[in-house]
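Visitor: Quick one, fold the following:
(chains A and B)
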Amino acid sequence: MPSPGPVITRFAPSPTGHLHIGGARSALFCWAFAQRAEMEHRARGGTAGGGGRFMIRIEDTDQARSSEESARGILEDLAWLGIEWDDGPRLDYEPFAQAKDGPAPPTLARGARRTIGAEARDVGSYFQAQRAAAGIYNAYIESLVKAGRAYPAFETPEQTEAMRREFVARKQTFKYPRPADVLPGVFNEARWARARKGDRHVVRFLMDADAVVVHDQVLGDVRIAPGEVDDFVIRKADGFPTYHFAVVIDDELMGVTHVLRAQEHLANTPRHVAMQRALTRLDTGEPFRHPVYAHMPLIFNMDGTKMSKRDKAKTARKAVKDAIAKDRSITVATLAPALGVAEKDLAGFIAADNDSIDIAAALAGRLNVNLPEIEVYDFRRNGYLPEAIINFIALLGWNPGMKLDDGKDLEKFDRDFLARHFAIDRIGKTNAKFDRAKLLSFNSDYIGKLSDAEFAARWRAFLAEYEPEALAALFRSPGGHAGATGIDRFALLASTIKPRAKTLRDGLTAARFALVADGGYEFDPKAMDKLRAGNGVDLLGQARQRLAGLGAPDWAPATVHTLLEQLARQLGLPEGNAGVGQLAQPLRVAVTGTAVSPGIAETLAILGRESTLTRIDRCLAAAAV
RNA sequence: GGCCCCAUCGUCUAGCCUGGUCUAGGACGCUAGGUUCUCAUCCUAGAAACUGGGGUUCGAAUCCCCAUGGGGUCACCA
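Guide: Sure, this is the predicted structure:
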């Protein structure tokens, strides 16, 4: 039996921004599908790369909107998620979140540089703009024109638009009317000559008259009646191929066997199938193949709207409007300079004339609001773990359909599991809503599952990347005093933060007490009232005296705890933790200003002797007023 | 509007293909308890769904039809 060749899947983003979370899922499924094929191939003793390959292709045919930075950003986002491609653009990068335990200076210790992707299969560039420059598409355009399956059209965009409006006015669906001189299967020499002369034109595909059936692995056969699809543009006036055309050419030339993509592309697929029927390879003379199609359900916001980066602008716009309404001193004139943007731009943003994400981000920082995460990068900088995101998005429109021993559904799994078990027949058909609450739950679960050392390393790497000042502050003893010797304050802090952090970022909230200076926090009035009401002040004084007797070198959770236990006993408080608890609350208020903190012994140990005593004294003074 | 796709708790979903084992299971969220020095973690319990109507069948969440609802798509964007 001839070897069937590898399964080849592809993810083909257009580089016009960061990687959208929905795109990440498409990439993940394509990756998993190829991975599984490769694994099974190797299990049968096959050679590496011969069973399944995952490819990235950059669809940068939109000259105006594409950028190299976006392309790189998307590749980095994929790398961060751990979705690595076998074929595609080369990415040299420094692995993320690899900071390990190290000496005090809070620098981000990057791992060794890595490279993903290589132009290994000799299929040319993975950038469509470069492929266009190499003449790949034009050669096929010409072959189609010569075969009478495509033709130049000379209407200007304005003319086409006018035609469209006429149709709409008559309540008809616009379909480009094929010119009378264009005949199927007949090379229109006159038009071609005029085009070659340099007249501005587009090239349209001459749609065939037969029905098109898309055999979709998820949705089943989808039949489109003849005449439903008009003669669409395959080459723009600027000489670049349209998406539809470039996709069909490249998928064939790059040997793509399986196309897994979002359902929004389903309606485009008949065009692709029709072109595949009409095209013949220029190198081998073989007809184009039809890849296997699988369209997956879409992902929406909880309110049913599309998840788009404009949501960020919307959120920021609402926030700034609220702020202006609430506080008269806030105006466009005062805000703009503070944000570092032009007044005109800010006014335009508020008026919804523009949706600048830069302004949205500046506003969010200024007004202290959280923008919705839409792109992978947003999740990353807000402290989500890639494994949580992978797991969560894998469940949007797919599930393994397996039960755990206790009868519950298996829903927590990693990339490797997905690679082993992913199958198209378990892709669902119904659109999903992106439930951030569940993602958050997944994220805190994954944080909880990390060992203390791992969490400390990853939290530290995260802070080094996105909150370097906070990290630096955590490495300083709050009051500038020498920290306890013999304990790693950061590790201790991290271990107490871990169960309290739903994201790496919000771990900072729980760590606030360790971040502020000894005199840098307010005492919560309610907590202070409570302190004064009972015998809190007295207990606090007693505790202070006792703690003062504990030398800085002994300042560790266990010793502090023992000391408090002993004190509780001496004061005739209830046995065990209940007694410690009566001491804990006043102490907690004293050293954090609030009634909430990690365990009191850990809290005090993290603060160290000098800070603790300083803070207690400050509280005692405040309570006496 | 034309064409196409879809339809189980608030949300993600299992079950549907191969009708009975479904008084429809799990997870998140929610509610109520419990553990704990506060908070968080953790544990237990509870409320919560087969869109509607016809049909097929001894029997339908599961098969068929219609209605309704939701979505996608109709660019010289991808």
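Visitor: Can you report how many residues lie near the residue in the stretch 501-625 of chain A that RNA strand B sits nearest to?
Guide: With Cβ to the nearest atom of the strand, the shortest gap between the stretch 501-625 of chain A and RNA strand B falls at A:N577, namely 1.9 Å. Placement of C-beta: from N, CA and C, glycine included. Applying the criterion other Cβ atoms under 10 Å, we find 14 residues in the vicinity of A:N577.
Visitor: mind checking which helix or strand it is in?
Guide: Element membership of A:N577 [criterion: DSSP states H and E] is helix A:576-592.
Visitor: Quick one: residues in contact with that helix.
Guide: Contact partners of helix A:576-592, identified using Cβ atoms under 8 Å, 6 or more residues apart in numbering, comprise A:512-513, A:521, A:523-524, A:527-528, A:530-531, A:536-537, A:539-540, A:543, A:561, A:564-565, A:567-569, A:571, A:573-574, A:594-597, A:600, A:603-604, A:607, A:611-612, A:615-616, A:618-620.
Visitor: mind checking pLDDT for the residue of the stretch 501-625 of chain A closest to RNA strand B?
Guide: Model confidence at A:N577, given as pLDDT, is 81.
Visitor: and if you look at A:A473?
Guide: pLDDT, A:A473: 85.
Visitor: list the contacts for it?
Guide: Applying Cβ under 8 Å, 6+ apart, we find A:A473 in contact with A:L515.
Visitor: try 10 Å this time
Guide: Residues near A:A473 by Cβ atoms under 10 Å, 6 or more residues apart in numbering: A:P106, A:L463, A:E467, A:A511, A:A514, A:L515, A:V516, A:A517.
Visitor: And those residues, which of them are buried?
Guide: Members of the contacts of A:A473 that pass the buried threshold by neighbour count (16 or more other Cβ atoms under 10 Å) are listed as A:P106, A:L463, A:E467, A:A511, A:A514, A:L515, A:V516.
Visitor: So is stretch A:454-465 next to RNA strand B?
Guide: No. Looking at stretch A:454-465 against RNA strand B by Cβ under 7 Å from any atom of the strand, there are no contacts, and the closest approach is 12.5 Å.
Visitor: picking up where we left off before, just the closest of the contacts of A:A473 to A:R90, please.
Guide: A:R90 lies nearest to A:L463 out of those, by Cβ to Cβ, at 30.2 Å.
Visitor: so what's the closest one closest to, chain neighbours aside?
Guide: With Cβ to Cβ, 6 or more residues apart in numbering as the criterion, A:L463 has its nearest non-adjacent residue at 3.8 Å, and that residue is A:L471.
Visitor: The one you found against A:A494, yeah?
Guide: No. Using Cβ atoms under 10 Å as the test, A:L471 is too far from A:A494 to be in contact (11.3 Å).
Visitor: Was I right to think A:A237 contacts A:T156?
Guide: Yes. Taking Cβ under 10 Å as the contact criterion, A:A237 and A:T156 are neighbours in contact, 8.6 Å apart.
Visitor: who touches both of these two?
Guide: Shared contacts of A:A237 and A:T156, counting by Cβ under 10 Å, 6+ apart, come down to A:R200, A:H201, A:V202.
Visitor: Validate this expectation: the first one resides in a helix.
Guide: No. Secondary structure of A:R200 (DSSP: H, G, I helix; E, B strand; the rest coil): coil, not part of a helix.
Visitor: can you count the residues close to the residue nearest to it when sequence neighbours are not counted?
Guide: Nearest in space to A:R200, with sequence neighbours left out and distances taken as Cβ to Cβ, 6+ apart, is A:A237 at 5.5 Å. In terms of burial, A:A237 registers 14 neighbours under the definition other Cβ under 10 Å.
Visitor: contacting residues around A:A237?
Guide: When contacts are counted by Cβ under 10 Å, 6+ apart, A:A237 is found next to A:A153, A:F154, A:T156, A:P157, A:R200, A:H201, A:V202, A:V203.
Visitor: I'd assumed A:K197 was in contact with the second one.
Guide: When you say that, I think you mean A:F154. No. Taking contact to mean Cβ under 10 Å, the distance of 11.1 Å between A:F154 and A:K197 leaves them out of contact.
Visitor: These two: which is more packed in?
Guide: In terms of neighbours (other Cβ under 10 Å), A:F154 is the more surrounded of A:F154 and A:K197; the figures are 14 against 8.
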